[in-house]
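> here's my sequence, what's the structure:
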Amino acid sequence: MLKKLPRTDLIVFGIVLVITVYEDLMVAMAIGVIFAFFRFIQEVSSTYQHKTIPLSKTDCALKGKDRIELDKLPVSVLQPQGPLFFGSVEPLIEAYSSAPPHEKLVVDLSKVTMVDLSGVYALEDLIMDAKSKNIEVFVANADPQIKETLEKVEFIQHIGEDHYMNSMRSVIPVLLQTYNGAGQQEKVEDLKTLQVPMLEKFQNAINENNIEAVMNLYDDDAILVPAFSSNMKKGKDEIRAFYEKFFEKDEVKISISEATSQRLNGTKVDNGIYIMKWNVGGDFEEEQLRFSLVMKSGKIITDHSSIEPDFVALNGHLPKAYESEFEMSN
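This next block holds a predicted model:
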């Protein structure tokens, strides 16, 4: 059995055994815990390798030649891996030191599995050091639990809320607008899977049940057509009253799963699908809905949601033009 143990485990076992026999069991246990702790740190450091990667290798929306063009931008991406704590700080700094010269840094947290206070402070120090060298820093892609930790210690507030993004897809348009202008940005927004900044703001405001953030997205004369109502809400007062009841009674949450964007003469239209969840007696119900947001001058002027048809219930009673759609859904 002992022959199957790794050499380091065997050494720790031998030391603990000797101290137990010749000294004291409690002392032996304490020394064993210390050895095991340092071995854990060494193992974590060797298993998870922090790295800098090209922008084109991240979870961004561009494809083909447009994706390759991203690597021509003076942007570096730092991607921490695994748990982020004091034992992984030095490897993280070493990984960043190997980054090519850049004007902007994106810290992609998608591969971080856990973070403690020491890890947050180390990351913040790294970002502040980069800022002192006139490097603009964005942080993106944190898991919801990681993001919650960052919010509790005011990390996002310290780096600037406009420099934290929920996804790399939200960072890309900002970078392209800085370096390539509006023409290249529209290439990004036309892609099917992109969550553009307005949609992300809309989703976050709904999920946080933040009535002021929601209302700030709407034009004064906006029209809202809710999914479960045939009554249009006209103007901010009616829209506010609707959301206030929604947030108070239902704890509504949404998750956008598909989105497309179009622009025409200063008007932007986002269409897509999202999952809406709401609280019913302590349990959450959910429904897949379709949406259309029409925006002008950065404000929503029309918001229309609808329930996807129940094709099963309608089987045999569909208009003939829709029969192929039903077959596709099956």
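> from now on I want contacts and neighbour counts done on CA atoms only, so please keep to that.
OK.
> and residue 69, how far is that from residue 56?
Using Cα to Cα, to the nearest Å, we find residue 69 at a distance of 8 Å from residue 56.
> can you get me a residue count around residue 163?
Neighbourhood size, residue 163 [other Cα atoms under 10 Å]: 16.
> what pLDDT does it get?
pLDDT recorded at residue 163 is 87.
> and if you look at residue 297?
Among the per-residue scores, residue 297 holds a pLDDT of 87.
> got it, and the one 4 residues further on?
pLDDT recorded at residue 301 is 96.
> how far out from the middle of the chain is the strand or helix carrying it?
If you go by DSSP states H and E, residue 301 is part of strand 299-307. Centre-to-centre, strand 299-307 and its host chain are 24 Å apart (Cα atoms, centre = their mean, to the nearest Å).
> just stretch 253-273 next, same as before
Centroid separation for stretch 253-273 versus its chain: 18 Å, with Cα atoms, centre = their mean.
> return it as CSV; C-alpha atoms alone will do.
Output in CSV follows, covering the C-alpha atoms of stretch 253-273 (Å, rounded to 0.1, in the frame of the first residue of the first chain):
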residue,chain,number,x,y,z
LYS,A,253,-35.1,37.0,-13.6
ILE,A,254,-34.2,36.8,-17.3
SER,A,255,-31.4,35.1,-19.2
ILE,A,256,-30.9,36.2,-22.9
SER,A,257,-30.0,33.1,-24.9
GLU,A,258,-30.1,34.5,-28.5
ALA,A,259,-29.9,38.0,-30.0
THR,A,260,-29.5,39.8,-33.3
SER,A,261,-29.0,43.5,-34.0
GLN,A,262,-29.9,45.8,-36.9
ARG,A,263,-29.3,49.5,-37.5
LEU,A,264,-31.1,51.8,-39.8
ASN,A,265,-31.1,55.6,-40.0
GLY,A,266,-30.1,56.0,-36.3
THR,A,267,-32.5,53.4,-35.1
LYS,A,268,-31.3,50.1,-33.6
VAL,A,269,-33.4,47.0,-33.2
ASP,A,270,-32.5,44.0,-31.1
ASN,A,271,-34.5,40.8,-31.5
GLY,A,272,-34.0,37.5,-29.7
ILE,A,273,-35.1,34.9,-27.2
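> now it: mean pLDDT?
Per-residue scores along stretch 253-273 average to 83.
> what's next to the strand holding residue 301, contact-wise?
Contacts with strand 299-307, where a contact means Cα atoms under 8 Å, 6 or more residues apart in numbering, come from 217-219, 221-228, 287-295.
> mind doing that once more with 7 Å?
Strand 299-307 is contacted by residues 217-219, 221-227, 288-295 when judged by Cα atoms under 7 Å, 6 or more residues apart in numbering.
> so what's the backbone phi/psi at the residue nearest the centre of the chain?
Centroid check for the chain by Cα atoms, centre = their mean gives residue 166 as the closest residue, at 3.1 Å. Here is the backbone geometry of residue 166 (degrees, to the nearest 10): phi -70, psi -20.
> cool, and the one 3 residues further on?
As for residue 169, its main-chain torsions (degrees, to the nearest 10) stand at phi -70, psi -20.
> what's around it, how many residues?
Per other Cα under 10 Å, the neighbour tally for residue 169 reads 24.
> swap in residue 241?
Counted by other Cα under 10 Å, the residues lying close to residue 241 total 12.
> quick one, grab the pLDDT at it.
92.
> could you do residue 110 as well?
pLDDT for residue 110: 85.
> any idea how far the closest residue in space to it that isn't next to it in sequence lies from residue 114?
The shortest distance from residue 110 to any non-neighbouring residue, by Cα to Cα, 6 or more residues apart in numbering, is to residue 141 (4.9 Å). Separation of residue 141 from residue 114 (Cα to Cα) stands at 13 Å.
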